[in-house]
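Trainee: Build me a model:
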Amino acid sequence: MDQGGAGRAGGKWGTDWSFTGFGAFAHLDYVKCLTNPAEKFDIAIVGAPFDTAVSYRPGARFGPRAIRQASSRQTAFRGFNPRANINPYQNWAKIVDCGDITITPFDNNIAREQMTQAFKELGGRGTVSALSARPKIITLGGDHSLALPALRALKEIYGRPVRVLHFDAHLDTWDPAAYPSYWGATHFNHGSMFWMANQEGLLSNATNEQSVHAGLRTRLSGVTNFDNEDDTAQNWIRFSADDIDEVGTKGIVDGIIKTLGTEDPVYLSLDIDVLDPAFAPGTGTPEPGGWTTRELIRILRDIEGLNVVGADVVEVAPAYQGQGEETALAAAQAVYEMLSSIVKRGMGEMGRVKGVGGKDEL
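Mentor: Numbering: from 1, shown residues only. Below is the predicted model:
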């Protein structure tokens with residue numbers, strides 16, 4: 001049947017299949033936000049293709065592209081999330097894919113400043129909806145060092161330190177001077193960025209405002225428990241990967257919510273190596289004994305009440321994943337769950353959703 005005509009062109013040709021279209025996350029509108037300073041949004045997806053701060057296998061610079069590719073089955077048309085009872089792509093929030101930050105692969109200190117300035121610019125934009133006082137940025141990594149520039153930007157934008165919910169196999173709070181063959185090297189790497197954040201006052205140091213690690217199973221340095229003790233001194237509490245065997249996902253969630261509450265601003269940082277290598281082999285520092293994809297997704301769904309002011313999904317290194325893209329698929333699903341929870345919380349601000357409330361102000 002002929003459905004031609006200019007007025008009907010959008011309905012006739014305007015909806016992509018999951019396997020068509022360009023490579024924006026979930027077929028979202030793609031805007032190079034950093035070169036379009038007038039662009040406003042409520043939530044932005046941005047790529048940080050950077051991996052020269054890693055300590056083991058490189059390749060996470062290709063993570064943003066892989067995650068976007070793996071998100072192609074997500075569309076606004078088929079985006080309804082039954083657990084949240086919303087479609088995050090057809091709701092109050094204007095969500096855009098802002099493309100990638102241009103980051104040098106030749107100088108880590110310059111790269112850090114490029115990311116910091118980009119996060120400040122994007123996080124300082126105006127919003128479209130009255131439900132969003134400030135835009136929220138979800139970053140596709142890239143290695144985990146990008147969390148430091150993100151936290152620097154949040155401190156400047158909001159004027160106070162935040163708390164972190166950190167899903168990872170590793171602590172990432174190591175003092176860089178303790179590394180072998182240190183030689184006064186840059187402190188900026190993917191295992192020390194939270195140590196740097198603590199040194200710079202980017203994380204809350206109040207005894208009743210701790211940050212949280214979850215999914216830990218890393219080996220420690222030396223012959224003592226010093227790494228964990230130093231981590232505690234930096235105001236973190238820890239949930240190991242093994243804890244899930246004792247308390248289940250509910251116990252992990254209850255511990256997170258009890259610690260972080262639902263009002264304080266939280267930066268959600270997800271290293272894909274929190275998953276067992278059976279589910280996410282495509283990462284730079286895999287550690288056996290991790291969570292399943294299902295366990296991680298359930299936890300992400302059940303922490304929807306948190307006041308998330310920014311997030312990342314990092315350390316996807318697609319060269320090491322299988323042909324089925326299981327690592328990138330898990331990462332793309334994690335982003336979808338984050339989006340759903342952020343949008344649902346915003347709806348709670350207007351009383352449209354019962355049971356999820358609070359403010360996203362600092």
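Trainee: W174 reaches S192, doesn't it?
Mentor: Yes. Between W174 and S192 there is a contact under CB atoms under 8 Å: 5.2 Å. Where you see a C-beta, it was placed from the backbone N, CA and C, and this is true even at glycine.
Trainee: Now do the helix or strand hosting V266: everything it contacts.
Mentor: Using DSSP states H and E, V266 falls within strand 265-271. Residues outside strand 265-271 that contact it (CB atoms under 8 Å, 6 or more residues apart in numbering): 144, 147, 150-151, 154, 158, 160, 162-170, 172, 260, 283, 306-315, 334, 338, 360, 362.
Trainee: how far away is the closest residue to T218 other than its chain neighbours from R219?
Mentor: With CB to CB, 6 or more residues apart in numbering as the criterion, T218 has its nearest non-adjacent residue at 4.4 Å, and that residue is H170. Distance of H170 to R219, computed by CB to CB, to the nearest Å: 9 Å.
Trainee: who's more crowded, these two?
Mentor: H170 (24 against 7; other CB atoms under 10 Å).
Trainee: what about that one, is that helix, strand or coil?
Mentor: coil (DSSP: H, G, I helix; E, B strand; the rest coil).
Trainee: pLDDT score assigned to it?
Mentor: Each residue has a pLDDT score; the one for H170 is 95.
Trainee: Distance of the closest residue to L146 other than its chain neighbours relative to R61?
Mentor: Using CB to CB, 6+ apart and skipping the chain neighbours, the partner closest in space to L146 is A48 (4.6 Å). Distance from A48 to R61, counting by CB to CB: 9 Å.
Trainee: Mutual contacts of these two, please.
Mentor: Listed contacts common to A48 and R61 are G142; contacts here mean CB under 8 Å, 6+ apart.
Trainee: Pick out whichever of those two has more residues nearby.
Mentor: A count of neighbours by other CB under 10 Å puts A48 above the other of A48 and R61, at 29 against 21.
Trainee: I'd say that one and C98 touch.
Mentor: No. At 10.9 Å, A48 and C98 do not qualify as touching, with contact defined as CB under 8 Å.
Trainee: Now the nearest residue in space to S18 that is not next to it in sequence: phi and psi?
Mentor: Nearest residue to S18, sequence neighbours excluded (CB to CB, 6+ apart): R73, at 4.5 Å. With angles defined as degrees, to the nearest 10, R73 sits at phi -80, psi -10.
Trainee: quick one, strands of the stretch 151-300 of the chain?
Mentor: Ranges of strands in the stretch 151-300 of the chain, per DSSP state E, counting those that start in this stretch, are 163-167, 211-216, 236-240, 265-271.
Trainee: so where's the stretch 151-300 of the chain shaky on pLDDT?
Mentor: Residue ranges of the stretch 151-300 of the chain with pLDDT under 70: 179-185.
Trainee: could you pull out the helices for it?
Mentor: 193-199, 226-233, 243-260, 293-302 (DSSP state H, counting those that start in this stretch).
Trainee: which strands and helices sit next to the first one?
Mentor: The one in question is helix 193-199. helix 147-158, strand 163-167 (3 or more CB pairs under 8 Å, 6 or more residues apart in numbering; DSSP states H and E).
Trainee: Mean neighbour count and distance to K120 for those - can I get that in JSON lines?
Mentor: Shown next, in JSON lines, are those (neighbours: other CB atoms under 10 Å; distance: least, CB to CB, whole Å):
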{"stretch": "helix 147-158", "mean neighbour count": "23", "distance to K120": "4"}
{"stretch": "strand 163-167", "mean neighbour count": "24", "distance to K120": "18"}
